[in-house]
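Enquirer: Turn this into a model:
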Amino acid sequence: MVLLAWTAFLRPAAAADNPQVVNVWPGKAPDEICDVGPETWRLSPKRDAQHSEITEHRRILTGVTNPTLTIYRPARARDTGASVLICPGGGYWDLYWETQGEEIAHWLNSVGVTGIILKFRVPRQPDEVQTEPARRPLQDAQRAISLVRSKSGEWRLNPQRVGIMGFSAGGHLAVAAAIGYEKRTYAPMDDVDKISCRPDFAVAVYPGYLKLKNKNEIVPGMAIPFGTPPVFFAHGDADLEADPENSVLMYLALHRAGIPTELHIYAETTHSFGVRPTDKSFSTWTTSCVAWLRYQGLLNPPVNP
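Expert: Residues are numbered from 1 along each chain as shown. Take a look at the predicted model:
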């Protein structure tokens with residue numbers, strides 16, 4: 001049964017065989033100081049089980065200077081109108097496109113959600129501190145949320161059900177977009193930038209960069225505005241790449257601010273577990289996430305499907 005379920009993720013609907021790809025920016029992306037391209041695909045190194053739940057090679061991408069959206073649509077009969085911007089992990093150096101992009105999009109399609117992979121700029125540029133989050137990806141994410149809303153009629157999406165989901169560094173990016181929507185991090189370019197960049201919900205899976213090193217505090221600059229959308233967290237308690245306290249401390253901060261939030265910490269679970277099913281308890285995070293989205297009223301079917 002598990003094999004059949006996973007095979008379904010790997011066999012997207014016919015409409016997703018050739019997903020639509022659109023540019024995020026109308027021209028050159030802002031704040032560029034050098035060319036880090038060309039875009040390069042490669043296989044990730046194998047990982048040991050102490051550091052990653054998925055240990056085999058995975059397809060990753062780097063050298064991105066032209067951010068895009070790759071759009072995977074669910075079958076029309078099950079389309080809820082909800083959409084999720086997917087932010088792959090990779091430490092703001094690479095994008096783990098296969099396991100934290102495409103496979104996520106196929107899973108979202110299976111529950112009636114449009115999965116939109118954000119190809120944001122990586123690696124860091126020379127003016128960005130190596131041990132801190134890169135700043136340009138947040139520009140790409142804010143613009144992408146507004147762009148998806150601007151295309152909601154054309155793409156048959158509900159503009160009030162546009163979420164963001166990220167993994168590892170992408171999880172940090174999802175949280176940063178959720179709490180940083182009040183101020184754009186770039187100069188507006190056109191009418192798209194007049195449309196809200198606030199996501200309607202956020203999902204952060206084993207996020208990093210949220211906790212101060214050696215301190216039980218969230219990093220400075222993560223102030224939580226009143227209008228922050230609901231946030232869902234999933235993390236492993238044995239994560240050596242991104243301490244689970246990143247999720248715990250951010251959950252507590254959101255909870256204390258009165259923001260609807262939910263946290264799942266999975267025992268004996270390391271980093272990078274994605275959506276591939278196993279017999280370990282972390283595989284239930286997708287079921288919990290869908291239940292949470294339904295409870296928030298974000299997966300109800302459209303009134304006029």
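
Enquirer: residue contacts, the residue nearest to residue 53 when sequence neighbours are not counted?
Expert: Leaving aside its sequence neighbours, residue 53 sits nearest to residue 273 (Cβ to Cβ, 6 or more residues apart in numbering; 4.0 Å). (Each C-beta comes from the backbone N, C-alpha and C, glycine too.) Taking Cβ atoms under 8 Å, 6 or more residues apart in numbering, we find residue 273 in contact with 53-54, 205-206, 236, 266, 282-283, 285.

Enquirer: Please identify which of these is nearest to residue 254.
Expert: Checking those against residue 254 by Cβ to Cβ gives residue 205 as the nearest, at 15.7 Å.

Enquirer: backbone phi and psi for the closest one, please?
Expert: Phi and psi for residue 205, reported as degrees, to the nearest 10, are phi -110, psi 120.

Enquirer: Please enumerate the strands of this protein.
Expert: Counting by DSSP state E, the chain has strands at residues 20-23, 40-43, 59-62, 68-72, 83-87, 114-119, 162-167, 201-205, 231-236, 261-266.

Enquirer: Switch those over to JSON lines; also include mean neighbour count, distance to residue 215 and mean pLDDT.
Expert: Converted to JSON lines, these look like this (neighbours: other Cβ atoms under 10 Å; distance: least, Cβ to Cβ, whole Å; pLDDT from 0 to 100):
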{"stretch": "strand 20-23", "mean neighbour count": "13", "distance to residue 215": "40", "mean pLDDT": "98"}
{"stretch": "strand 40-43", "mean neighbour count": "12", "distance to residue 215": "36", "mean pLDDT": "96"}
{"stretch": "strand 59-62", "mean neighbour count": "19", "distance to residue 215": "31", "mean pLDDT": "97"}
{"stretch": "strand 68-72", "mean neighbour count": "21", "distance to residue 215": "36", "mean pLDDT": "98"}
{"stretch": "strand 83-87", "mean neighbour count": "30", "distance to residue 215": "26", "mean pLDDT": "98"}
{"stretch": "strand 114-119", "mean neighbour count": "27", "distance to residue 215": "30", "mean pLDDT": "98"}
{"stretch": "strand 162-167", "mean neighbour count": "30", "distance to residue 215": "23", "mean pLDDT": "98"}
{"stretch": "strand 201-205", "mean neighbour count": "28", "distance to residue 215": "20", "mean pLDDT": "98"}
{"stretch": "strand 231-236", "mean neighbour count": "26", "distance to residue 215": "18", "mean pLDDT": "98"}
{"stretch": "strand 261-266", "mean neighbour count": "20", "distance to residue 215": "20", "mean pLDDT": "98"}
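
Enquirer: Rebuild those strands as CSV, extending it with distance to residue 298.
Expert: Listed next are these as CSV, based on distance: least, Cβ to Cβ, whole Å:
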stretch, distance to residue 298
strand 20-23, 23
strand 40-43, 33
strand 59-62, 29
strand 68-72, 18
strand 83-87, 10
strand 114-119, 12
strand 162-167, 7
strand 201-205, 6
strand 231-236, 11
strand 261-266, 13
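
Enquirer: so which of those comes closest to residue 247?
Expert: Evaluated over these, closeness to residue 247 peaks at strand 231-236, with 4.1 Å, by Cβ to Cβ.

Enquirer: hang on, the earlier thing: please tell me how far the residue nearest to residue 53 sits from residue 152.
Expert: Between residue 273 and residue 152 the computed distance is 31 Å (Cβ to Cβ, to the nearest Å).

Enquirer: can you pull the contacts of residue 148?
Expert: Counting by Cβ under 8 Å, 6+ apart, residue 148 makes contact with 69, 83, 85, 116, 155, 157, 162.

Enquirer: which one of those sits closest to residue 185?
Expert: Among the contacts of residue 148, and counting by Cβ to Cβ, the member closest to residue 185 is residue 85, at 15.8 Å.

Enquirer: ok, for that closest one, nearest residue in space, not its chain neighbours?
Expert: Closest to residue 85 by Cβ to Cβ, 6+ apart is residue 164, at 4.5 Å.

Enquirer: per-residue pLDDT, the nearest residue to residue 143 once chain neighbours are set aside?
Expert: Distance criterion Cβ to Cβ, 6+ apart; nearest residue to residue 143, sequence neighbours excluded, is residue 24 at 5.4 Å. We have a pLDDT of 98 for residue 24.

Enquirer: Surely residue 24 touches residue 146?
Expert: No. With contact defined as Cβ atoms under 8 Å, residue 24 does not reach residue 146; the gap is 9.8 Å.

Enquirer: count of residues packed around residue 123?
Expert: Using other Cβ atoms under 10 Å, residue 123 has 17 other residues around it.

Enquirer: Tell me the spacing between it and residue 166.
Expert: 17 Å.
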